[in-house]
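fold the following, please.
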Amino acid sequence: MELFQTSLLALGLAADACAVSMTSGITIKHITINKSLKIALFFGVFQAIMPLLGWLSGLTFKKYLLAIDHWIAFILLCFIGGKMIHDAFSSEEEKQFNPLDISTLVVLAIATSIDAFAAGFGLSLLKYTILQTVGLIGVITFICSFASVYLGHFCGDLLKNKIEIAGGAILIIIGTKILLQHLMV
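Here you go, the predicted model:
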């Protein structure tokens, strides 16, 4: 796969991580480079690891993983999106969604990188060399996620709770899109 095609694949796979990064940026009160780096690093690393894991799994687990991957992403994203919408209607003291929490970041990174796992699996069927591809996917996702955190933070300051509701809805829509894409195949 040439560099241009790999870059397009990486951008496509990074889209969900960028949307979630933007949503995370919405909820962060005082943005710093370290906070943005932390989020971007989680998404970039998971987006690089998952296609590698998909590639390594090859044909061995195909029938088991492809049957449920979309349900896992759907449930995780809808749960977190619903929690964000709930938190938007809660008082500041009651809000619990913390996009900088390690467990939250892991769940979000896994949920948004399941499609990268499937892409890596598809590449293994083509007997494709994976290292350059996963590196590029990770780097592009990192850069896009880093910028998206700041964009979300800026938009969040302008629109307050409305953007948090929209962010939660976006996560639910992404989860539903993933589910419907797999069910319609």
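
so who does the residue lying closest to Phe142 once chain neighbours are set aside touch?
Leaving aside its sequence neighbours, Phe142 sits nearest to Gly44 (C-beta to C-beta, 6 or more residues apart in numbering; 3.0 Å). Yep, even glycine has a C-beta here, placed from its N, CA and C like the rest. Contact analysis of Gly44 by C-beta atoms under 8 Å, 6 or more residues apart in numbering lists Ala17, Gly138, Val139, Thr141, Phe142, Ile143, Ser145.

I'd guessed the last one sits against Ala14; true?
The reference is to Ser145. Yes. Between Ser145 and Ala14 there is a contact under C-beta atoms under 8 Å: 7.2 Å.

what sits in contact with each of those two?
Shared contacts of Ser145 and Ala14 (C-beta under 8 Å, 6+ apart): Phe43.

tell me the buried residues in the lowest-mean-pLDDT helix or strand in the chain?
Every helix and strand in the chain was compared by mean pLDDT, DSSP states H and E; the lowest is helix 62-88, with a mean of 74. For helix 62-88, burial by neighbour count (16 or more other C-beta atoms under 10 Å) applies to 65, 69-70, 72-74, 76-78, 80-81, 83-85, 87-88.
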